[in-house]
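S.K.: I would like to see how this sequence folds:
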Amino acid sequence: MLSARNISKSFGGSQALRGVSADFHEAEVVALVGENGAGKSTLLKVLSAVHPRSSGEATLDGASYTPRNQREAEAQGVALVFQELNVNRSLGIAENVMLGHLRDYRRFGLIDWKRLHADAQRILDRIGADFRATDDIHRLDLGRIKTIEVARALATNPRFVFFDESTAFLNHGEAQRLMSVIRELKAQGIGIAFVSHHMHEVFEISDRLIVLKDGALVGDWPTAEMTEERLAELMVGREMIGGLFPQRGGPSGGPVKVELRGVVTASGVGPVDLAVAAGEILGIGGLKGSGGESILSALAGAEAIDAGAMLLDGREYRPGHPAEALSARIAHLPGDRTGEGVITEFSVLENLTLAARPVKSAVLSDRRRMMALATEQIATLGIKTAGPEAAVGALSGGNMQKVVLGKCLATAPEVLLLNNPTRGVDIGAKAEIYRVIRKLASDGLAVVMVTEDLPELLGLSDRVMVTRKGRVAKVFGHGTEPNEEEVVKWMM
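M.R.: Residues are numbered from 1 along each chain as shown. Down below sits the predicted model:
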């Protein structure tokens with residue numbers, strides 16, 4: 001058993017953990033749940049020695065457990081799969097899987113590539129990966145990149161594996177494969193701590209729930225004794241009045257804002273026909289790589305089109321660069337927040353005003369107006385931060401996602417393109433973001449949203465388009481209200 005007692009952790013003046021006690025057993029799956037900033041990731045990182053604890057103690061099988069760094073924690077059998085992507089794309093797949101063990105494959109100064117690839121492939125096969133250790137890493141999407149990180153954790157032969165939002169970047173099929181891997185690890189006697197903001201995953205995979213709020217322990221319950229409604233209340237500290245999704249209106253009645261006619265993208269997606277009116281949310285669902293992200297990229301000026309036409313307010317629209325889309329009042333929230341959405345070394349203020357920086361002159365920014373713009377977005381989105389000058393890298397994943405959305409809204413867009421807008425966001429923050437998106441649509445924005453979260457797709461969209469293998473497979477019109485089974489049928 002891995003046992004933590006009265007663990008506290010502070011970062012400067014911010015108290016991330018407040019005397020948390022928790023136990024983790026082998027052959028058991030424990031889900032850590034709570035809002036963004038509740039301390040879930042911090043607890044995992046303290047126990048895996050990524051962060052030193054400020055106070056408290058931990059034991060492993062009754063003996064003192066005091067690893068000084070992550071390598072020592074792994075040597076004692078505790079491995080962590082990080083929330084954010086942590087793969088070096090300048091290395092190959094096998095090298096990333098066996099990172100930290102590469103010296104074991106050196107002989108006379110040369111790497112035994114055959115043995116390295118064979119060992120990495122065995123671990124990938126154990127996970128059920130659909131790519132080879134010898135494939136080109138640059139051709140892998142985010143879900144497969146995350147699979148490499150899971151394989152890397154298994155390369156340490158752990159007794160405990162901590163999964164910190166490891167399904168956040170995975171599509172439905174990839175997430176289900178990871179669920180199968182976790183079940184297999186549990187069957188082999190490995191203890192699992194699992195953090196996810198997807199409630200269906202929490203209830204599907206866990207034996208026990210540990211609830212945290214504001215860095216403190218709320219309680220510990222067998223999953224079988226908990227309901228989703230009660231868990232949501234424990235996490236946010238209040239009843240979720242009105243439910244998760246704001247009420248839809250009817251058809252917007254507004255003019256068509258953006259239209260695609262027979263569009264074929266440079267990556268081969270299409271032909272696509274769609275029209276989105278002002279005041280409408282069009283949701284696009286499908287497996288990863290099925291075409292939705294390519295459609296967003298074309299609208300955002302990040303991908304060329306080979307055929308067809310795009311129209312904005314009835315006029316031809318063909319951006320050659322994302323800056324041209326931004327000038328046309330089209331904002332794009334990307335799917336990879338740390339790789340494309342924010343600059344983690346910059347402050348919240350700098351990130352929020354990055355795409356719409358007020359200026360005094362050609363070389364000087366208007367600091368006062370920047371502060372006003374950032375303060376407005378912090379208040380609108382409920383971003384939990386020590387202040388506008390705080391580094392974005394110090395924020396929780398969900399609050400970082402709010403900063404990316406705030407950066408988009410600061411440009412005062414007329415069309416908003418969303419790629420998985422609540423990826424890695426807790427249920428309370430999801431409700432806040434959904435409220436903001438619905439309010440924007442009610443105020444006349446045209447919203448195109450690609451999401452792999454089926455409840456989000458069905459609960460927030462006015463109309464649903466399903467893509468499959470680069471084609472539009474099905475469009476559910478206003479008032480049809482399809483269920484998850486119907487949508488998945490058209491995805492597969």
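
S.K.: And the helices in the stretch 151-300 of the chain?
M.R.: 172-187, 199-205, 228-236, 292-299 (DSSP state H, counting those that start in this stretch).

S.K.: and of these, who's closest to residue 23?
M.R.: helix 172-187 (16.0 Å; C-beta to C-beta). (Each C-beta comes from the backbone N, C-alpha and C, glycine too.)

S.K.: Identify each buried residue in that closest one, please.
M.R.: 172, 174, 175, 177, 178, 179, 181, 182, 185, 186 (16 or more other C-beta atoms under 10 Å).

S.K.: Kindly report the same for stretch 248-260.
M.R.: 248, 252, 256, 257, 258, 259, 260.

S.K.: Distance to residue 82 and pLDDT for those residues - can I get that in CSV?
M.R.: Below are the buried residues of stretch 248-260 laid out as CSV (distance: C-beta to C-beta, whole Å; pLDDT from 0 to 100):
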residue, distance to residue 82, pLDDT
248, 37, 82
252, 41, 68
256, 43, 95
257, 39, 95
258, 36, 96
259, 41, 96
260, 37, 96
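
S.K.: The helix or strand that contains residue 309 vs helix 292-299, what angle?
M.R.: Residue 309 is part of strand 305-312, with elements assigned from DSSP states H and E. Strand 305-312 runs at 70 degrees relative to helix 292-299, counting by axes from the mean of the first three to the mean of the last three C-alpha atoms, to 10 degrees.

S.K.: could you say what helices and strands strand 305-312 packs with?
M.R.: strand 256-265, helix 292-299 (3 or more C-beta pairs under 8 Å, 6 or more residues apart in numbering; DSSP states H and E).

S.K.: about what we covered before: between the buried residues of helix 172-187, which sits nearest residue 445?
M.R.: Distances from residue 445 to the buried residues of helix 172-187, taken by C-beta to C-beta, are shortest for residue 172, at 27.9 Å.

S.K.: and the closest one, what pLDDT?
M.R.: On pLDDT, residue 172 comes in at 70.

S.K.: if we can go back for a sec, tell me the strands beside the strand holding residue 309, with direction?
M.R.: Strand pairing for strand 305-312, determined by DSSP bridges: strand 256-265 (antiparallel), strand 315-316 (antiparallel).

S.K.: Look up how far residue 435 lies from residue 386.
M.R.: If you measure residue 386 against residue 435 using C-beta to C-beta, to the nearest Å, the figure is 24 Å.

S.K.: ditto for residue 52
M.R.: Applying C-beta to C-beta to residue 52 and residue 435 gives a distance of 38 Å.

S.K.: do residue 349 as well
M.R.: 24 Å.

S.K.: neighbour count winner among these two?
M.R.: residue 349 (23 against 16; other C-beta atoms under 10 Å).

S.K.: Could you confirm that one falls within a strand?
M.R.: No - assigned with DSSP: H, G, I helix; E, B strand; the rest coil, residue 349 falls outside any strand and is helix.

S.K.: just checking, it touches residue 385?
M.R.: No - contact criterion C-beta atoms under 8 Å: residue 349 and residue 385 do not qualify, at 9.6 Å.

S.K.: what is in contact with these two at once?
M.R.: Counting by C-beta atoms under 8 Å, 6 or more residues apart in numbering, no residue touches both residue 349 and residue 385.

S.K.: And the strands in the stretch 1-150 of the chain, which stretches?
M.R.: Ranges of strands within the stretch 1-150 of the chain are 2-11, 14-24, 29-33, 55-60, 63-64, 78-81, 106-107, 110-111, based on DSSP state E, counting those that start in this stretch.

S.K.: mean pLDDT for the ones you listed: which is lowest?
M.R.: strand 106-107 (a mean of 84).

S.K.: What ranges does the stretch 351-492 of the chain have for its helices?
M.R.: 367-381, 397-409, 427-442, 454-460, 484-491.

S.K.: any idea how this structure splits into domains?
M.R.: Here the domain parsing of the chain from automatic domain parsing is 2-236, 256-491.

S.K.: In the stretch 301-450 of the chain, where is pLDDT below threshold?
M.R.: For the stretch 301-450 of the chain, residues meeting the criterion pLDDT under 70 lie at 357-365.

S.K.: switch to 50 and redo it
M.R.: Within the stretch 301-450 of the chain, the ranges that satisfy pLDDT under 50 run 362-363.

S.K.: One more: the stretch 101-250 of the chain?
M.R.: In the stretch 101-250 of the chain, no residues with pLDDT under 50.

S.K.: hmm, back to that, among the helices and strands packed on strand 305-312, which is nearest residue 13?
M.R.: Nearest of the helices and strands packed on strand 305-312 (C-beta to C-beta): helix 292-299, 39.1 Å.

S.K.: chain center to that closest one: distance?
M.R.: Distance of helix 292-299 from its chain centroid, counting by C-alpha atoms, centre = their mean, to the nearest Å, is 18 Å.

S.K.: repeat for stretch 420-432
M.R.: Worked out by C-alpha atoms, centre = their mean, stretch 420-432 lies 9 Å from the chain centre.

S.K.: Pull the CA coordinates from it and hand them back as CSV.
M.R.: Output in CSV follows, covering the C-alpha atoms of stretch 420-432 (Å, rounded to 0.1, in the frame of the first residue of the first chain):
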residue,chain,number,x,y,z
ASN,A,420,-12.6,20.3,-28.1
PRO,A,421,-13.4,23.5,-26.0
THR,A,422,-13.5,21.7,-22.6
ARG,A,423,-10.8,19.2,-23.0
GLY,A,424,-9.2,18.6,-19.5
VAL,A,425,-11.9,20.8,-17.8
ASP,A,426,-13.8,19.8,-14.7
ILE,A,427,-17.6,19.6,-14.6
GLY,A,428,-18.1,23.0,-12.8
ALA,A,429,-15.8,24.8,-15.3
LYS,A,430,-17.5,23.0,-18.2
ALA,A,431,-20.9,24.4,-17.1
GLU,A,432,-19.3,27.9,-17.0
